[in-house]
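Peer 1: Below are the sequence and a predicted model for it; my questions follow.
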Amino acid sequence: MKFQTVKGMKDWYPEDRATFNWMANTFRQQAVKYGFLEVESPAIESLSLLSEKEGEEIKQQIFTFEKKGSEQLGLRFDLTVPMARMFIAKQKELPKPVKWFNIGRMWRYEAPQKGRLREFYQFGVEIFGSDKPEADAQIISLIIDSFQALGLTSKDFYVKINNRNLLQGILDGLGIGNISEVMTVIDKVAKISEEEFVAELEKLKLTQAQIKKLDSILKTKELKQLKDLNELARQGQWELQSVFEALQDNQAFVQFDLTVARGLAYYTGTVFEVYDREGKYRALAGGGRYDNMIQLFGSEPCAATGFGIGFATLGLLLEEKMLIPAPDIGVDYYVAPIKDDPKVMALANTIAVQLRKTNRVDVDLMRRSLPKQFDYANKIKAKKVIVVGENEVKTGVVTIKNLEDGKEEKKKIKEL
């Protein structure tokens with residue numbers, strides 16, 4: 001073949017699109033139940049906006065366009081930045097909290113892996129205007145309900161939750177100065193060995209006493225076990241405890257984990273990541289509180305929290321659990337004219353038009369023989385075939401064959 005799909009991109013055939021639509025519609029239904037409203041933003045944004053949140057490093061991952069005049073543009077790599085821009089445009093007039101969601105396509109220029117593509121879809125949810133723990137709890141609850149609506153249970157996935165204030169306060173209490181660098185190492189704990197973890201901290205000039213104490217604290221499984229905290233850590237502990245209390249109906253799905261540090265550039269409070277129980281895949285979803293971003297973008301300060309769910313990795317888990325329904329891409333009726341005659345063709349099209357008011361209907365476009373039409377109808381997964389010929393034109397009665405059980409019935413055309 002002369003041309004192939006660009007590396008890291010995916011072609012969406014009918015079966016693939018049917019699975020996507022099932023997932024997207026499930027997410028949409030759950031978000032609406034929580035009072036979220038759907039929005040959409042352009043795929044293209046200014047490069048300055050896209051790089052504002054994460055700095056120069058993200059520019060290496062942005063698909064950029066050739067500069068035209070004074071404009072430098074790029075393809076969006078997440079949904080939070082565009083939704084934040086949209087919120088700022090109407091910040092003063094919108095009633096708070098603003099609860100939005102978007103299901104859209106993103107692009108990142110990076111090495112493709114299993115579950116990570118250069119072009120990908122996300123379900124993004126944001127709440128602007130509430131600094132209360134209940135807002136964080138609500139978006140976590142929405143993730144849990146969305147995953148359950150897809151057929152997953154507490155045996156399949158769980159949510160690891162932490163708080164940046166809590167972790168930062170703990171590090172500060174240990175006398176650690178280069179907190180952001182240490183947090184970066186902590187965020188890699190699940191991906192590296194304990195020896196590598198210690199070695200990374202030694203490179204950052206932590207003493208053996210600090211490393212030993214930190215390692216012990218990070219293994220704490222219960223939030224209430226953390227004692228002798230400074231003011232910042234106590235604030236984070238209270239925020240996190242409030243989130244867990246609001247999620248008491250979902251206790252089977254949530255877990256306290258001090259090693260979750262994600263998004264060092266902008267997360268400010270509660271943070272979380274969703275994983276499969278067996279640990280086979282990278283994070284299925286992630287998010288948290290980012291109260292400084294709106295102000296960073298040049299607007300009035302405003303609290304915010306949100307998450308993103310990637311379709312690719314979640315799709316792998318759903319496929320493994322055999323939860324993806326068989327794609328319903330067939331038609332309800334296939335109308336098969338059996339003679340190349342104007343009256344027969346006209347009646348076939350009239351029947352198709354009549355049935356399309358409430359059904360999915362296809363009609364022969366190739367003027368094939370009846371056996372070949374039946375063969376085609378089977379291949380496109382048609383449920384029923386209506387045969388139309390000279391006799392049907394005369395009598396006004398057609399034969400309908402059910403391809404699923406082979407049964408036939410006669411019916412007046414005016415009753416279709």
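Peer 2: Received the coordinates, thanks.
Peer 1: Run through the stretch 201-350 of the chain and note the low-pLDDT ranges.
Peer 2: By pLDDT under 70, the weakly predicted segments of the stretch 201-350 of the chain are 263-265.
Peer 1: Helices of that one, residue ranges please.
Peer 2: Using DSSP state H, counting those that start in this stretch, the helices of the stretch 201-350 of the chain run over 208-218, 231-246, 293-296, 311-320, 342-355.
Peer 1: Out of those, which gets nearest to residue 114?
Peer 2: Residue 114 sits nearest to helix 311-320 of all these, at 7.2 Å, using C-beta to C-beta. For every residue, glycine as well, the C-beta is placed using N, CA and C.
Peer 1: what residues does the closest one touch?
Peer 2: 19-20, 23-24, 114-117, 120-123, 147, 150-152, 156-157, 276, 280-285, 324 (C-beta atoms under 8 Å, 6 or more residues apart in numbering).
Peer 1: likewise stretch 18-38?
Peer 2: With C-beta under 8 Å, 6+ apart as the criterion, stretch 18-38 contacts 12, 99-103, 121, 123, 125, 138, 141-142, 145-146, 149-150, 309, 311, 314-315, 318, 324-325, 327-329.
Peer 1: again, only using 6 Å
Peer 2: 99-101, 103, 123, 142, 145-146, 149-150, 324, 327, 329 (C-beta atoms under 6 Å, 6 or more residues apart in numbering).
Peer 1: Which among those count as buried?
Peer 2: With burial judged by 16 or more other C-beta atoms under 10 Å, the buried subset of the contacts of stretch 18-38 is 99-101, 103, 123, 142, 145-146, 150, 324, 327.
Peer 1: Just give me the closest of those to residue 390.
Peer 2: Minimum distance to residue 390 across these is 37.1 Å, recorded for residue 327 (C-beta to C-beta).
Peer 1: What residues does that closest one make contact with?
Peer 2: 15, 18.
Peer 1: what ranges do the strands span in the stretch 1-150 of the chain?
Peer 2: Secondary structure of the stretch 1-150 of the chain by DSSP state E, counting those that start in this stretch: the strands cover 37-38, 44-46, 73-75, 98-107, 119-128.
Peer 1: Taking helix 311-320 as reference, get the angle to the last one.
Peer 2: Spelled out, that is strand 119-128. 110 degrees (axes from the mean of the first three to the mean of the last three C-alpha atoms, to 10 degrees).
Peer 1: Just want the angle from strand 119-128 to strand 98-107.
Peer 2: Interaxial angle of strand 119-128 relative to strand 98-107 (the same axes, to 10 degrees): 160 degrees.
Peer 1: I'd say residue 157 and residue 273 touch.
Peer 2: No. Contact between residue 157 and residue 273 fails when scored by C-beta atoms under 6 Å: they sit 10.8 Å apart.
Peer 1: will you turn the helices of the stretch 201-350 of the chain into JSON lines that also has distance to residue 178 and mean neighbour count?
Peer 2: Output for these, formatted as JSON lines (distance: least, C-beta to C-beta, whole Å; neighbours: other C-beta atoms under 10 Å):
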{"stretch": "helix 208-218", "distance to residue 178": "11", "mean neighbour count": "15"}
{"stretch": "helix 231-246", "distance to residue 178": "17", "mean neighbour count": "18"}
{"stretch": "helix 293-296", "distance to residue 178": "22", "mean neighbour count": "18"}
{"stretch": "helix 311-320", "distance to residue 178": "32", "mean neighbour count": "19"}
{"stretch": "helix 342-355", "distance to residue 178": "70", "mean neighbour count": "16"}
